[in-house]
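Asker: from the sequence below, what's the structure:
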Amino acid sequence: MPSITPLPGTCAPDAVDAWHATVVRAHRHDLPGVPEPHRAETAARMRVPAPRSEQVLLRSAAPAFAGVAAVRLFTDPANREVARLCRLTVDPEHRRRGHGVALLAAVRATCEAAGRRTVTALVDADGPGAAFGRAHGFHLALPLTGYVLDLPDVVPPADAAAPGAGPDQAAELPPGHTLTTWDGPVPPRHAAAFAEVRRAMAQAPTGRRAERPPDWDVAAVRELATVCRRRGQSLRTVAIIAPDGAVAAYTEVVLPTSDAPRARQSDTGVAPAHRGRGLGRAVQWHMVRLLRAHHPELRQLVAVVADENAPARAVAAALGYRVERRLGLFEARVEDLPAAPGTAGRAG
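Answerer: Model prediction:
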């Protein structure tokens, strides 16, 4: 079995270059037609862990960086026994030589050392990652779909043709409701209300899976913005404020770099008491207007939606999103993953 070596969190530039080269070669092979990640985005993810997490980076030793893996170890109480396999990538030229299994065995050892019992992974449902995962202990826990919105081609849907309903004007709002936007951290006057609606959105469909949504308090909301800033990303939020000061609806977009052609819709939510009034679509139309006005370099906005989340899928269709690829959140018991030779457990 190939040897696996951990990487320090403060990765040297040459290590980032080698890691990114492996990622790009695999991306071009597995996802032709999908824009590849920018090096700056790869470096940011390698050096700055996700919110409320620690991170372990692994690579094949010989050939160096023939395969790479990133493991997220959650630190929030609800996910203390869960890890996320954020990446397991093998260079196409070095596949079927044991690098993937060796990396997965190292992931198992990492999880066991951290007291994790379950590991999850987001992969393309029809790609080699899904087949590899199923062959080594993973099962599909939550079907998802990746959507893309071509920003230059966006036009208002037929049922939003009234003045103010398209992407270049804010949709009409219920009386007393107002639109607001911010970049980076939530303003203090909206922090508590924003955390409250985020907690409510934790009830969105998640399937039967071990990984639980974060406990969205004010500190967690602010930490997300801090992580984006440390990664060199821009976090932009559009929200609708109800007359009582509650956040009735919101949408967030992450711009990975200043010149990236794609932005990622991080989250969209409508408070339970305000659903059924078109507010989810309103905040997203307003976000499209802002992105087109202030970020002309952006060509596409991407989003991932659970297949069972019918309201979110309906909004995506109304805005003009198209399906790009099928995804899945896969899950495995750590004890079912391949074990390194000479250790207890099932051999890979």
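
Asker: quick one: what helix or strand has residue 107 in it?
Answerer: Assessed by DSSP states H and E, residue 107 sits inside helix 99-113.

Asker: hmm, who's touching the helix or strand following that helix?
Answerer: Note on helix 99-113: by DSSP H and E, the next helix or strand toward the C-terminus is strand 118-124. Strand 118-124 is contacted from outside by 30-31, 71, 81-86, 88, 107, 111, 129-130, 133, 138, 141, 144, 209-211, 304, 325-334, 337, using Cβ atoms under 8 Å, 6 or more residues apart in numbering. (Each C-beta comes from the backbone N, C-alpha and C, glycine too.)

Asker: what's the helix holding residue 107 packed up against?
Answerer: Applying 3 or more Cβ pairs under 8 Å, 6 or more residues apart in numbering; DSSP states H and E, one finds that helix 99-113 makes contact with strand 4-7, strand 53-61, strand 64-74, strand 82-90.

Asker: so which bits of the second one are buried?
Answerer: In this case it means strand 53-61. By 16 or more other Cβ atoms under 10 Å, the buried positions in strand 53-61 come out as 53, 55-60.

Asker: keeping just the C-alphas, turn it into CSV.
Answerer: Provided in CSV are the C-alpha atoms of strand 53-61 (Å, rounded to 0.1, in the frame of the first residue of the first chain):
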residue,chain,number,x,y,z
SER,A,53,-13.5,22.7,12.7
GLU,A,54,-10.0,21.4,12.7
GLN,A,55,-8.4,20.1,9.5
VAL,A,56,-6.0,17.3,8.6
LEU,A,57,-4.3,17.3,5.2
LEU,A,58,-2.8,14.1,3.7
ARG,A,59,-0.9,13.2,0.6
SER,A,60,0.7,10.3,-1.1
ALA,A,61,4.5,10.2,-0.4
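
Asker: what about it, average pLDDT?
Answerer: Strand 53-61 shows a mean pLDDT of 97.

Asker: now the helices: where do they sit in the chain?
Answerer: For the chain, the helices defined by DSSP state H cover 13-30, 39-47, 99-113, 128-135, 188-201, 218-230, 279-294, 310-319.

Asker: residue 251 is nearest to which of these?
Answerer: Smallest distance to residue 251 across the helices of the chain (Cβ to Cβ): 4.5 Å, for helix 279-294.

Asker: got the angle for that closest one vs helix 310-319?
Answerer: Angle of helix 279-294 versus helix 310-319, following axes from the mean of the first three to the mean of the last three Cα atoms, to 10 degrees, is 40 degrees.

Asker: which other helices and strands contact helix 279-294?
Answerer: strand 178-183, strand 234-241, strand 247-255, strand 262-270, helix 310-319.

Asker: tell me who's in contact with the spatially most central residue of the chain.
Answerer: Central residue check for the chain by Cα atoms, centre = their mean: the C-alpha nearest the mean position is that of residue 266, 6.8 Å away. Going by Cβ under 8 Å, 6+ apart, residue 266 touches 235, 252-254.

Asker: could you check how far residue 196 is from residue 190?
Answerer: Distance, residue 196 to residue 190, using Cβ to Cβ, to the nearest Å: 10 Å.

Asker: those two: which is more packed in?
Answerer: Between residue 196 and residue 190, residue 190 has the larger neighbour count (other Cβ atoms under 10 Å), namely 20 against 16.

Asker: that one against residue 239, yeah?
Answerer: Yes: shown here, residue 190 and residue 239 form a contact pair, counting by Cβ atoms under 8 Å, at 6.9 Å.

Asker: shared neighbours of the two, anything?
Answerer: Common neighbours of residue 190 and residue 239 (Cβ under 8 Å, 6+ apart) are 180, 182, 247.

Asker: most neighbours of all the residues you listed, which one?
Answerer: Busiest of the shared contacts of residue 190 and residue 239 [other Cβ under 10 Å] is residue 247, holding 26 neighbours.

Asker: what do residue 196 and residue 190 both touch?
Answerer: residue 247.

Asker: what residues does residue 51 make contact with?
Answerer: 214, 220, 223-224, 226-227.

Asker: going by distance to residue 25, which of the residues you listed wins?
Answerer: Nearest to residue 25, judged by Cβ to Cβ, of these is residue 227 at 27.5 Å.

Asker: count of residues packed around the closest one?
Answerer: 18.

Asker: quick check: it touching residue 48?
Answerer: Yes: Residue 227 sits in contact with residue 48 when judged by Cβ under 8 Å, with a separation of 6.1 Å.
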